[in-house]
Each structure stands twice: as structure tokens, then as C-alpha cells.
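Participant: need a structure here:
(chains A and B, ligands or ions: 2)
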Amino acid sequence: MAIINVAQREIRCKIVYYGPGLCGKTTNLKYIHRMVPESAKNKMISIDTETERTLFFDFLPIDLGTVHGFQTRFHLYTVPGQVLYERTRVAVLTGVDGVVFVADSQPNKMRDNIESLKELARNIQNEGKKFKDFPLVLQYNKRDMPNAVPLEQMNYYLNSQLNARSFEAVASRGVGVFDTLKYISKLVISKL
Amino acid sequence: MDPQLTSLIVSTSETAHIEETLDRLIADTGANYSMLLDKSGQVIAWSGDTDRQDITSLGALLAGTFASSREVARLLKEKEFKVLFQQGIRENIFTELIAEQWMLVVMFDKRTHIGLVKVLSKRATDELTGVLDRVKTESRAKDQIISTSFRTSVEDTIDLLFKD
Ligand SMILES: Nc1nc2c(ncn2[C@@H]2O[C@H](COP(=O)(O)OP(=O)(O)OP(=O)(O)O)[C@@H](O)[C@H]2O)c(=O)[nH]1
Ligand SMILES: [Mg+2]
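Facilitator: Ligands and ions are numbered 1, 2, ... in the order given. Model (predicted):
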């Protein structure tokens, strides 16, 4: 839930990157951290394993600066994608304002994508929110893979009921990363 | 709490009330630092040593720890863990849940007794529960802050900052 603090003149929103293991959530945040202007940048915190798999979350606060007298800030988080960590994902989702669902475009990952998206819907509903009205954007990542599933099929498997906005991405090269972030942040602000 | 609610507006007088409560808690316990967090990990107010680094990260991590302990409680069929205590060599951290929405955090060293922190935190959380009730129930003039022109300006800023 966004917090509007009138005394400190601050507005803060929480955006979570969700998706199956190794789909590229942390890669998105690392790219944003590297490319965003110095003035907006803060320290990124990653709680991960020795093999760089997310264990708890990555956390990156981004400052938009002062807008109409209010210091506006987005807190970006990733969840750990491995199946094992389902309850940790629930913990990270607490109080979320918007979600980027990162899907892996490789054919052998389609089942993981579908399962993860279903789990996300369940978790959002368990917070008492309606999933179909919830601010969500899909990112089809790893479009550079030679065997990437065609776009129509990605849409068919993941988006035929949701009808959410989707973006193609190659997060490891930064392609589509900011388009996705721009879209979700505007969506969150529009729902405030 | 209405789950469809997308934002919580904390007014100037409520912030003042919260800060007073935290100031008093620190004065009465001799603790080093105290803060009020929203369960999403955002810092609502703080009091104590002004040279604390990285309050934002601290908030995110402590709220994350609390949220994960809540999931542990669920697995153990425990209703919830209302408090969490982290013992360090130099400093200890005491966290108490407030009405399932906020968390009161107190950081203190060996000069302060944990028993005192527990008792006085309870008094503070009772008071903060009252403030939280007001934040949730009183209608707020959100449109004055989140106006159409505010939204437009935020969108412009987003376009400016979020690019390669
Ligand atoms: N080819 C290709 N590789 C990518 C792309 N995006 C990320 N990767 C790689 O995929 C691997 C996993 O990326 P991460 O960002 O760590 O994945 P994650 O979703 O955070 O994984 P968990 O933390 O386990 O949930 C890394 O080796 C990345 O370099 C992409 O667009 N194309
Ligand atoms: Mg990761």
C-alpha cells in the first residue's frame, strides 16, 4: 500500500518483480540500478545464495525527486523464484502496489511460467485484492533465445484471460527493461 | 482495513503524535533508536540517533524479516508472532506488530533492559493503535495531493528518468 506522508511530504509505492526461477528478475533490477541517473539512485540490497539465486529479495529504492512538493519514491523488489521459496514470496508481496510478472520465453519454461502466474494470482487474492483489477504488467524475457516461444503463443498461454499489457525483453542487454518499469510505475500512480 | 484501498494518508498531526510517542519511548527506555514501519517495509516515522545510515534499507529488511516470521507462524498453525527479538553483541532489536498493519521497532544496547523495552513498547503500541485507527477511518482529502496535474508531472518525471 502506498504511503502518503503529509508532514514529511513523501509518497512511496512498492513494486514487486515476480516470476519463475532464473527468468531474469534480478537482472532487471541490476540493469535499472546501473542505468538510472545518479540523483535517483540508491543502494541495491540483494539477499542471495552463493550461486546468486535470490534467497529473500533484491531491494532497490528509486527517487523520482520532488513532484508538486512531494518527494516521490518507488521501492522495487524481486522475489526468489525457486519453487521451494513460496512462503518467502508471500512475505515479499506484503503491501504491494503493482507487479511485473517476468516470464521466461524458453519452451521448457512455459509450465513454470503458468504455475508461477497462478500462484501470484492466488497470493494477490489472499491479500484480499481482485487480481484482474490489480496493477500488473507482463514481461516476456529472454527473447534473444533462438528457441524462444513465438509471441502469440506466449500471449495464448499467459495472457488470454488477463489481457494485461505485455512487453518483450532481453533483460541481460537491457532491452525492454525501462519500458516495463515505465508502464508499471505509471499504472501504480494512476491507481493511487 | 479495506483491502481495495490503494494508499494510506498520514496527516501532519498524526505524524507529530507518532513522533512524540517514539521520542517518549526512547527517553523512557534509554534506547538508541526507534521507528514505525508499515508492513510493506516503508518507514513512517523515526526517532533517535540522527547519524543512522540507510534507514530505508533497514525498514525494508526488518519488515521482510517480520513478514517471513508471519509465514513461519502460519506453518506452525500459530496465529502470529506479535514480537520479534534480535540479539546482537552491541545492539538488540525489538519489533512489535501493531494491528497487523504497522511495526514498532526499538534498537537498544546493554544499558537498557529488555523487560523495560517490552513494557514500554506495549504502552506505545496501544497509543499507536489509536493513531492508526484514525488514519484508516477518517476520510482524507487525497485529491488535493494526488491531483490530475500531480499525476501528469509524475508521468513526465518517469519518462525523463526511466530510459537507457
Ligand atoms: N539469454 C538471456 N539470458 C538472460 C536474460 N535475462 C537474464 N538472463 C540470465 O538468466 C540467468 C538468471 O537471471 P536472474 O536475473 O538471476 O534470475 P532470477 O529471476 O532473479 O532468478 P531467481 O533469483 O532464482 O528467482 C542469469 O544468468 C542471467 O544472465 C535474457 O534476456 N536473455
Ligand atoms: Mg533473483
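
Participant: Okay, strands next: where are they in chain B?
Facilitator: B:7-10, B:33-38, B:43-48, B:83-87, B:92-98, B:102-108 (DSSP state E).

Participant: could you dump the ones you listed to TSV with mean neighbour count and distance to ligand 1?
Facilitator: Placement of C-beta: from N, CA and C, glycine included. Shown next, in TSV, are these (neighbours: other Cβ atoms under 10 Å in any protein chain shown; distance: least, Cβ to the nearest ligand atom, whole Å):
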stretch	mean neighbour count	distance to ligand 1
strand B:7-10	21	29
strand B:33-38	24	25
strand B:43-48	22	26
strand B:83-87	14	25
strand B:92-98	20	26
strand B:102-108	24	26
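
Participant: The ones you listed into a markdown table, with extra columns for mean pLDDT?
Facilitator: Putting the strands of chain B into a markdown table (pLDDT from 0 to 100) gives the following:
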| stretch | mean pLDDT |
| --- | --- |
| strand B:7-10 | 90 |
| strand B:33-38 | 96 |
| strand B:43-48 | 94 |
| strand B:83-87 | 93 |
| strand B:92-98 | 96 |
| strand B:102-108 | 96 |
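
Participant: Can you lay out those strands as JSON lines showing distance to B:V117?
Facilitator: Putting the strands of chain B into JSON lines (distance: least, Cβ to Cβ, whole Å) gives the following:
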{"stretch": "strand B:7-10", "distance to B:V117": "25"}
{"stretch": "strand B:33-38", "distance to B:V117": "10"}
{"stretch": "strand B:43-48", "distance to B:V117": "13"}
{"stretch": "strand B:83-87", "distance to B:V117": "9"}
{"stretch": "strand B:92-98", "distance to B:V117": "5"}
{"stretch": "strand B:102-108", "distance to B:V117": "5"}
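
Participant: can I get these in CSV with distance to chain A?
Facilitator: Below are the strands of chain B laid out as CSV (distance: least, Cβ to the nearest Cβ, whole Å):
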stretch, distance to chain A
strand B:7-10, 4
strand B:33-38, 6
strand B:43-48, 6
strand B:83-87, 13
strand B:92-98, 12
strand B:102-108, 10
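
Participant: Send me stretch A:59-72 as PDB with only the CA atoms.
Facilitator: Extracted C-alpha coordinates of stretch A:59-72, given in PDB (Å, rounded to 0.1, in the frame of the first residue of the first chain):
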ATOM      1  CA  PHE A  59      15.600  -4.300  -2.900                       C
ATOM      2  CA  LEU A  60      16.200  -1.000  -4.900                       C
ATOM      3  CA  PRO A  61      14.700   2.300  -3.900                       C
ATOM      4  CA  ILE A  62      14.300   4.800  -6.800                       C
ATOM      5  CA  ASP A  63      13.800   8.500  -6.200                       C
ATOM      6  CA  LEU A  64      11.800  10.500  -8.700                       C
ATOM      7  CA  GLY A  65      12.700  13.600  -6.800                       C
ATOM      8  CA  THR A  66      10.200  16.200  -5.700                       C
ATOM      9  CA  VAL A  67       6.900  16.400  -7.700                       C
ATOM     10  CA  HIS A  68       4.500  19.100  -6.700                       C
ATOM     11  CA  GLY A  69       6.200  19.400  -3.400                       C
ATOM     12  CA  PHE A  70       6.100  15.700  -2.700                       C
ATOM     13  CA  GLN A  71       9.200  13.500  -2.600                       C
ATOM     14  CA  THR A  72       8.100  10.600  -4.700                       C
END
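
Participant: Now do that stretch, average pLDDT.
Facilitator: The average pLDDT for stretch A:59-72 rounds to 93.

Participant: Taking chain A, what residue is nearest to ligand 1?
Facilitator: In chain A, no residue comes nearer to ligand 1 than A:G81, which is 2.6 Å away by Cβ to the nearest ligand atom.

Participant: Can you pull the poorly scored residue ranges out of chain B?
Facilitator: B:1-3, B:139-141 (pLDDT under 70).

Participant: mind checking how far the spatially most central residue of it is from A:V16?
Facilitator: Geometric centre of chain B, nearest residue: B:L37, 1.3 Å, by Cα atoms, centre = their mean. Distance from B:L37 to A:V16, counting by Cβ to Cβ, to the nearest Å: 17 Å.

Participant: dump the residue contacts of the closest residue in space to B:I93 that isn't next to it in sequence.
Facilitator: Excluding its sequence neighbours, the residue lying closest to B:I93 (Cβ to Cβ, 6 or more residues apart in numbering or on different chains) is B:Q86, at 4.3 Å. Contacts of B:Q86 were listed using Cβ atoms under 8 Å, 6 or more residues apart in numbering or on different chains, and they are B:65, B:92-93, B:95.

Participant: The helix or strand harbouring A:R12 near ligand 2 at all?
Facilitator: Using DSSP states H and E, A:R12 falls within strand A:10-18. No - Strand A:10-18 is not in contact with ligand 2 by Cβ under 5 Å from the ion; minimum separation 8.4 Å.
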